[in-house]
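A.B. asks: Any chance you can model this:
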Amino acid sequence: MRPYFISDTTYDGKTGQVTAVLGPTNTGKTHLAVERMMAHSDGIIGLPLRLLAREVYDRVVGVKGGANVALVTGEEKIIPPQACYFICTVEAMPLDRGFEFLAVDEIQLAEDPERGHIFTDRLLYARGRQETLFLGSETIRHWIKRLIPDASFISRPRFSTLSYRGAKKISRLRPRTAIVAFSASDVYAIAELVRRQRGGAAVIMGNLSPRTRNAQVELYQSGDVDYLIATDAIGMGLNMDIDHIAFAGTVKYDGALSRRLKPAEFAQIAGRAGRHMNNGSFGTTANVEPLDDELVANIEGHNFEAVRNIRWRNQDLVFTTNRDLLRSLETLPAIDGMLSPRDPDDYNAYKALIRDEEVRKASQTPAKVRQLWQVCQVPDFRKTMHDVHVRLLREIFLFLQEKNGKIPTDWIAKHLKSLEKTDGDIDTLATRIAHTRTWTYISHVSDWMDDYKYWQETARNIEDKLSDALHECLTQRFVDRRTAMLVRKLKDRSQLEALISDTGDVHVEGHFLGTLKGLKFNADTNVSSTEARTLRNIGNKAVSSEIALRAQRLASAPDDSFSLDGNGQIIWQDTVVATLVKGETVLKPRLQLLASEQLNGTAHEIVVKRLNDWVSAHIEQRLKPLVKLEELPLTGPARGIAFQVSEKLGAMRRFELNEQIRNLDKKDYGRLKFGGVRVGYEHVFMPILLKPDPTALRCLLWAIHDEREEIPPPPPAGRVSFEVTGNLPWTYYLTAGYAVFDKLAIRLDMLDRLAGLLRRASRGLIETAEPPKSAPEEAETKAAEPAVAETGEVPVAISVSTDQPTTVENIDTVIESAVSEPAEGAISEPEKAGEMEAPVPDAVEKQEPAETAVAVPPKKKELPRNLPFKPTHEMLSLVGTTREQFSLILSKLGYEALGEGDEITYQRKSFKKQNRSKNPRHNKDVKPKRDKESVKPVNALKQPRKAPPKVKEIDPDSPFAILKTLGKK
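C.D. replies: From the prediction side, this is the model:
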């Protein structure tokens with residue numbers, strides 16, 4: 001494809017290398033192109049906005065001199081006779097000469113519905129003799145590869161990071177912020193609000209002249225105002241010292257309809273924040289909803305959907321007749337993915353004009369058809385009604401058909417004279433500037449008027465006067481000079497200082513601004529005057545310094561200077577500085593720092609780290625057994641149990657762990673017991689955590705992880721049981737160490753001891769009746785009972801020598817030596833889930849009969865099963881309840897009452913009765929038959945027990961002597 005703007009006399013049939021430099025904003029693409037252009041003897045660069053073209057022009061002039069640089073835009077042309085570097089808008093790039101270097105910026109605008117066909121045309125045909133650069137986003141990469149297969153690509157990363165800061169009120173936006181809106185009315189309203197609250201703001205819109213725009217930018221860059229209110233005109237390469245972009249709207253009118261910004265458009269505007277190596281941020285304001293997480297991630301990571309369609313319009317126009325020109329303009333793209341532009345202004349104007357009979361008669365020759373099309377190229381800068389613009393073009397064309405072929409001088413003078421007025425409001429002045437731009441464009445067509453240079457100068461002078469008046473009007477309306485003067489004065493600490501009292505009250509110039517508590521500044525909301533609000537805003541400097549000092553003191557404060565209250569708030573110097581919120585796990589809550597915006601950067605990070613370290617150490621200190629579970633040398637099911645118990649803050653219902661418990665071996669029981677975990681009859685819990693202090697912390701952590709609005713108080717300290725009130729879930733009480741039966745809460749350790757006593761009683765190992773006994777009989781009975789821990793713990797005793805302390809490193813050795821031989825007479829671990837028998841020894845060592853035999857407990861098969869029993873005083877005292885409540889507990893534990901009155905006894909329900917199915921054949925009135933073998937006669941209890949045989953005495957010097965200690969606490 002032939003580079004059409006290089007003439008046949010200079011084009012040698014070869015073009016230089018085509019390179020696409022792609023990347024997000026603030027990657028230095030435009031800077032690179034300008035430097036490459038100035039490295040050649042001549043060059044041209046096409047830019048998307050005339051404001052950006054003016055900025056680049058001023059920069060190149062500073063290096064190469066005004067005589068060597070040309071500026072060509074739609075309405076402004078500065079072309080010295082010897083100019084060799086052309087700075088242009090893309091539409092205004094000259095097509096009648098060649099350059100060694102050529103660059104087009106923002107080439108991804110080829111997808112724009114209105115202007116896209118111009119960028120597509122440059123992509124297809126515009127080439128430099130030695131070097132061609134196309135600058136833009138990564139989203140256009142595949143189209144460049146498709147249209148220019150031999151092009152090379154350079155990807156440039158962003159110099160600084162761009163991060164999301166969420167939504168903030170306009171009054172809380174920090175200085176050096178640009179607020180972006182998408183209508184003139186919104187821009188004016190926001191600028192007025194910022195004037196009242198912050199002293200003033202600069203305003204930038206696309207319809208401003210370069211002179212007005214430069215004056216407003218200087219107002220912002222000089223520091224006279226700290227805020228910039230702009231449209232999306234700042235999104236295309238305007239470089240200013242902006243730290244934060246705040247979107248005051250997310251919907252724009254694109255010429256046809258109002259639509260939400262595309263992700264790439266969000267990124268293009270947000271990318272103006274941060275310059276070179278300075279990081280930037282973006283967010284929303286003015287009641288705009290926070291941006292979606294996915295959109296934020298795409299903007300921060302510069303990941304956007306590739307451009308699907310680009311716009312194309314035929315450039316090989318046929319000017320033989322009006323009909324031929326119209327047909328050539330309506331030629332459809334021949335490449336898939338290319339679309340025709342959306343109703344271009346010049347095309348619509350041409351169709352309207354050729355319907356006019358007088359115009360049609362005057363455009364019968366190819367030359368006149370070409371001239372008519374040239375007239376239609378005049379842009380509608382005024383954005384008036386279409387008919388008004390067409391009437392202007394008609395007059396111009398008909399004037400050109402007169403005898404001298406020029407536009408009458410008096411007609412031009414009349415129009416320009418009406419625009420010389422500098423009175424009026426902002427909109428009036430902006431409209432006059434737009435009209436002047438139209439005449440500036442017309443004056444640059446030298447064939448249309450006599451002494452065109454004079455009219456160019458006249459139009460430029462009028463535009464300059466109107467631009468100065470518009471800048472002054474914008475400044476008067478949106479900058480409070482008195483407040484701005486205070487702002488500048490307050491920047492000098494020698495002239496004005498804020499005073500902070502011992503109580504934290506902040507005053508500036510006698511105005512009370514607010515109170516500083518801890519790291520948070522609470523501003524006085526009663527301040528109403530503009531001056532007072534400005535003083536408050538500037539007084540933040542003193543507040544920032546004080547907060548920074550307090551942050552340093554907090555970071556170096558000892559641990560005992562912090563405390564955690566019952567609401568999850570961290571107290572430092574009697575002030576709340578942070579609060580705990582839900583984190584990754586229940587034992588690792590997240591810290592939410594209560595600090596003002598003045599605390600940021602490194603100081604903020606240091607404070608957060610110090611408080612996080614303290615919280616971790618505080619939790620570990622108060623819940624050390626729970627935290628240390630991770631360090632135990634556990635494997636398999638034991639490790640799974642420890643992990644789940646830790647996640648549940650030290651207490652779980654046993655049936656939830658049945659599968660792991662079934663797979664435990666004796667060493668696992670020992671390791672869990674060493675870590676403080678008790679595998680009980682009904683629950684798996686950590687008894688040491690049932691004390692009031694760890695219980696209070698566990699309840700607090702539960703409430704934080706459950707994201708409770710109100711933190712419930714911990715259960716009353718020291719209570720074995722109590723009645724439940726309120727609507728707290730059972731998981732709260734389980735975390736606190738209590739099992740809930742209906743409205744009755746029982747502490748887990750007492751419930752576990754009770755469950756053990758009940759099982760022993762049902763096996764005949766406890767005398768529940770209380771007949772009088774003689775001393776020898778009582779001693780004989782006690783000697784016959786096996787040594788079972790009344791708490792139901794794992795009866796594996798770990799005997800530790802005083803010469804070697806038990807630690808995590810040597811626990812395996814200790815447990816192995818302790819459980820290598822089962823203790824004689826020891827009762828095994830509490831029943832696994834689903835078993836209904838009481839804990840009995842798994843095996844009894846067979847001993848050879850000896851003269852000195854010791855009594856051996858009966859084997860498991862020999863013990864009676866499911867005997868009725870009466871509650872003892874010891875059982876009642878464990879849970880501290882009434883008999884009615886005690887009956888409820890026994891019912892929940894699987895026991896049913898038999899008899900009435902003083903003769904009432906309890907017996908464990910049969911498995912079928914506890915798990916009665918929903919089969920309608922089951923009748924509640926029919927009593928289930930008892931298994932005769934499972935119930936022993938009541939008088940069996942009265943039969944005297946046989947004395948257990950004596951076991952051979954073990955030599956105390958034997959290595960098996962440790963077995964004597966097993967079963968003991």
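A.B. asks: neighbours around Phe319, how many?
C.D. replies: By the measure other CB atoms under 10 Å, the count of residues near Phe319 is 18. In short, each C-beta sits where N, CA and C put it, glycine included.
A.B. asks: right, I mislabeled it, should have said Phe655
C.D. replies: With other CB under 10 Å as criterion, Phe655 counts 13.
A.B. asks: Test for you: state the pLDDT assigned to it.
C.D. replies: In this model, Phe655 is scored at 89, pLDDT.
A.B. asks: swap in Arg122?
C.D. replies: Arg122 is given a pLDDT of 94.
A.B. asks: Check Arg115 too.
C.D. replies: Arg115 is assigned 89 on the pLDDT scale.
A.B. asks: buried residues in stretch 111-129?
C.D. replies: 111-124, 126-129 (16 or more other CB atoms under 10 Å).
A.B. asks: Could you do stretch 570-580 as well?
C.D. replies: Ile570, Trp572, Thr575, Val576, Val577, Ala578, Thr579, Leu580.
A.B. asks: Tyr164 versus the residue nearest the centre of the chain, what's the distance?
C.D. replies: Residue closest to the mean C-alpha point of the chain, counted by CA atoms, centre = their mean, is Asp293 at 6.5 Å. Note on Asp293: its distance to Tyr164, by CB to CB, to the nearest Å, is 9 Å.
A.B. asks: ok, now Glu111?
C.D. replies: From Glu111 to Tyr164 the distance is 25 Å (CB to CB).
A.B. asks: Could you do Trp572 as well?
C.D. replies: 30 Å.
A.B. asks: So Ala103: helix, strand or coil?
C.D. replies: Secondary structure state of Ala103, per DSSP: H, G, I helix; E, B strand; the rest coil, is strand.
A.B. asks: Below-threshold pLDDT in this protein: ranges please.
C.D. replies: Scanning the chain for pLDDT under 70 picks out 1-15, 237-238, 384-385, 481-499, 507-511, 524-539, 767-863, 911-969.
A.B. asks: Now the strand of greatest length in it - C-alpha only, PDB.
C.D. replies: Ranked by residue count, the top strand of the chain under DSSP state E comes out as strand 575-585. The C-alpha trace of strand 575-585 is given here as PDB (Å, rounded to 0.1, in the frame of the first residue of the first chain):
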ATOM      1  CA  THR A 575      -7.500   6.300  73.300                       C
ATOM      2  CA  VAL A 576      -8.900   3.800  70.800                       C
ATOM      3  CA  VAL A 577      -6.400   3.600  67.900                       C
ATOM      4  CA  ALA A 578      -7.600   0.500  66.000                       C
ATOM      5  CA  THR A 579     -10.300  -2.100  66.000                       C
ATOM      6  CA  LEU A 580     -10.300  -5.800  65.100                       C
ATOM      7  CA  VAL A 581     -12.400  -7.000  62.200                       C
ATOM      8  CA  LYS A 582     -12.800 -10.400  60.400                       C
ATOM      9  CA  GLY A 583      -9.600 -11.700  59.000                       C
ATOM     10  CA  GLU A 584      -8.400 -14.800  57.200                       C
ATOM     11  CA  THR A 585      -8.900 -17.100  60.200                       C
END
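A.B. asks: any idea how far that strand is from the chain center?
C.D. replies: 17 Å (CA atoms, centre = their mean, to the nearest Å).
A.B. asks: Quick check: closest non-adjacent residue to Ile571.
C.D. replies: Of all residues not flanking Ile571 in the chain, Ser563 sits nearest, at 4.6 Å (CB to CB, 6 or more residues apart in numbering).
A.B. asks: so what secondary structure elements neighbour the helix or strand encompassing that neighbour?
C.D. replies: Using DSSP states H and E, Ser563 sits within strand 562-564. Applying 3 or more CB pairs under 8 Å, 6 or more residues apart in numbering; DSSP states H and E, one finds that strand 562-564 contacts strand 569-572, helix 601-622.
A.B. asks: Tell me how far the strand or helix carrying Arg759 lies from the chain's centre.
C.D. replies: Using DSSP H and E, the element containing Arg759 is helix 748-762. Chain-centre distance of helix 748-762: 50 Å, with CA atoms, centre = their mean.
A.B. asks: ok so, going back, from the helices and strands packed on strand 562-564, which stretch is densest packed?
C.D. replies: Ranked by mean neighbour count, those are led by strand 569-572 with a mean of 19 (mean count of other CB atoms under 10 Å).
A.B. asks: Give the partner strands of that strand in its sheet and their orientations.
C.D. replies: Using DSSP bridges, strand 569-572 pairs in its sheet with strand 562-564 (antiparallel), strand 575-585 (antiparallel).
A.B. asks: between the ones you listed, which gets nearest to Ala178?
C.D. replies: strand 575-585 (32.0 Å; CB to CB).
A.B. asks: now the closest one against helix 601-622, angle please.
C.D. replies: 70 degrees (axes from the mean of the first three to the mean of the last three CA atoms, to 10 degrees).
A.B. asks: Can you name the next helix or strand after strand 575-585?
C.D. replies: With elements assigned by DSSP H and E, the helix or strand that comes after strand 575-585 is strand 588-593.
A.B. asks: so what does that next one touch, helix or strand wise?
C.D. replies: Under the contact definition 3+ CB pairs under 8 Å, 6+ apart, strand 588-593 sits against strand 575-585, helix 601-622, helix 692-705.
A.B. asks: run the last query once more with 10 Å
C.D. replies: strand 569-572, strand 575-585, helix 601-622, helix 692-705 (3 or more CB pairs under 10 Å, 6 or more residues apart in numbering; DSSP states H and E).
A.B. asks: Could you give me the buried positions within it?
C.D. replies: In strand 588-593, counting by 16+ other CB under 10 Å, buried: Pro589, Leu591, Leu593.
A.B. asks: Residues contacting it, please?
C.D. replies: The contact list for strand 588-593, computed with CB atoms under 10 Å, 6 or more residues apart in numbering, reads 518-520, 568-570, 577-584, 599, 604, 607-609, 611-612, 614-616, 619, 700-701, 704-705.
A.B. asks: how far out from the middle of the chain is it?
C.D. replies: Remark: strand 588-593 is offset 15 Å from the chain centroid, using CA atoms, centre = their mean.
A.B. asks: Just want the angle from that strand to helix 692-705.
C.D. replies: With the same axes, to 10 degrees applied, the angle from strand 588-593 to helix 692-705 works out at 70 degrees.
A.B. asks: Which among the helices and strands packed on strand 562-564 is found nearest to Asp410?
C.D. replies: helix 601-622 (65.5 Å).
A.B. asks: What helices and strands are in contact with the helix or strand just after that closest one?
C.D. replies: Remark: after helix 601-622, the chain's next helix or strand is helix 624-627, criterion DSSP H and E. Packing partners of helix 624-627 (3+ CB pairs under 10 Å, 6+ apart): helix 601-622, helix 636-647, helix 692-705.
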